[in-house]
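Trainee: The following comprises the amino acid sequence and a computationally predicted model.
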Amino acid sequence: MFIALEGLDGCGKSTQLRALAKRLKQYKIDPVIVQEPGGTPVGEEIRKILLLRKELAMTPLTELLLYEASRSELTQTVIQPALASGHWVLTDRYALSSLAYQGYGRGLSLELVRELNRLATGDLAPQMTLLIDVPVEVALRRKGRVKDRLEGAGVDFYERVRCGYLAEISKVSRGIRLDGMKEISTLSEEVWSYIRPFVSAQS
Ligand SMILES: Nc1ncnc2c1ncn2[C@@H]1O[C@H](COP(=O)(O)OP(=O)(O)OP(=O)(O)O)[C@@H](O)[C@H]1O
Ligand SMILES: [Mg+2]
């Protein structure tokens with residue numbers, strides 16, 4: 001199984017990913033867990049450029065290409081091999097993030113983003129994509145004060161990203177919108193209810 005968690009910064013992706021990994025371990029499944037951007041040596045350097053080096057100005061296209069470079073490296077060197085050897089893979093963000101942030105958010109052509117996503121992933125799509133949806137104010141509040149390049153971009157930007165996520169999640173195969181306003185434990189039960197059938201199928 002290949003599962004992606006998606007949503008605005010601060011929506012609760014990492015929290016749910018940890019809870020899901022814990023559950024899977026109870027069923028003797030030890031998932032490979034990765035994050036985007038990053039998850040490989042070169043990807044982690046790209047992550048630093050994108051999320052920490054706020055003083056570095058870059059065009060939206062440069063930003064997209066850096067995310068896609070990180071994704072390509074991650075897919076080819078970590079995700080594909082892990083899946084090929086029978087592991088479960090959980091990813092904190094994947095191609096849908098570029099569509100939402102660089103496409104809807106930054107205003108790059110959606111077709112261009114889709115094309116680069118195809119190139120970077122080699123058409124490898126998650127079997128399930130879980131979107132944790134919360135209003136922008138809630139995501140920013142949960143995120144606290146730490147700002148990276150994207151969070152500096154303003155509330156309007158995030159509104160576009162959220163709209164993009166909502167528009168696209170219904171087009172994704174096994175794409176599910178979860179109400180991120182629910183309590184953490186309620187939400188993790190809901191996540192589990194979607195994943196559990198695949199666990200039974202395996203064991
Ligand atoms: N359902 C929830 N209700 C209330 N608070 C939550 C919920 N889910 C997560 N949080 C809290 O919100 C904060 C951000 O959560 P988390 O780090 O999981 O978000 P994230 O989506 O991974 O963010 P980022 O994109 O910045 O990595 C944490 O303090 C977490 O405890
Ligand atoms: Mg996180």
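Mentor: Yep, that arrived. Everything numeric here is computed off the predicted structure, so don't read it as measured data. Numbers count the residues shown, from 1 in each chain. Ligands and ions are numbered 1, 2, ... in the order given.
Trainee: Do you know the pLDDT at the nearest residue to Leu116 once chain neighbours are set aside?
Mentor: Spatially, and ignoring its direct neighbours in sequence, Leu116 is nearest to Glu68 (4.7 Å; C-beta to C-beta, 6 or more residues apart in numbering). In short, each C-beta sits where N, CA and C put it, glycine included. Glu68 carries a pLDDT value of 98.
Trainee: Just confirm Glu68 is within a helix.
Mentor: Yes. Counting by DSSP: H, G, I helix; E, B strand; the rest coil, Glu68 is part of a helix.
Trainee: ok, it to Arg177 distance?
Mentor: Separation of Glu68 from Arg177 (C-beta to C-beta, to the nearest Å) stands at 25 Å.
Trainee: neighbour-wise, which of these two wins?
Mentor: Higher neighbour count among Glu68 and Arg177: Glu68, with 22 against 16, using other C-beta atoms under 10 Å.
Trainee: quick one: contacts for the more buried one?
Mentor: By C-beta atoms under 8 Å, 6 or more residues apart in numbering, Glu68 lies in contact with Ser98, Leu116, Asn117, Leu119, Ala120.
Trainee: quick one: contacts for the most centrally placed residue in the chain?
Mentor: Centroid-nearest residue in the chain, with C-alpha atoms, centre = their mean: Arg93, separated by 1.2 Å. Shown in contact with Arg93 (C-beta under 8 Å, 6+ apart): Ala4, Leu5, Glu6, Lys13, Gln35, Glu36, Pro37.
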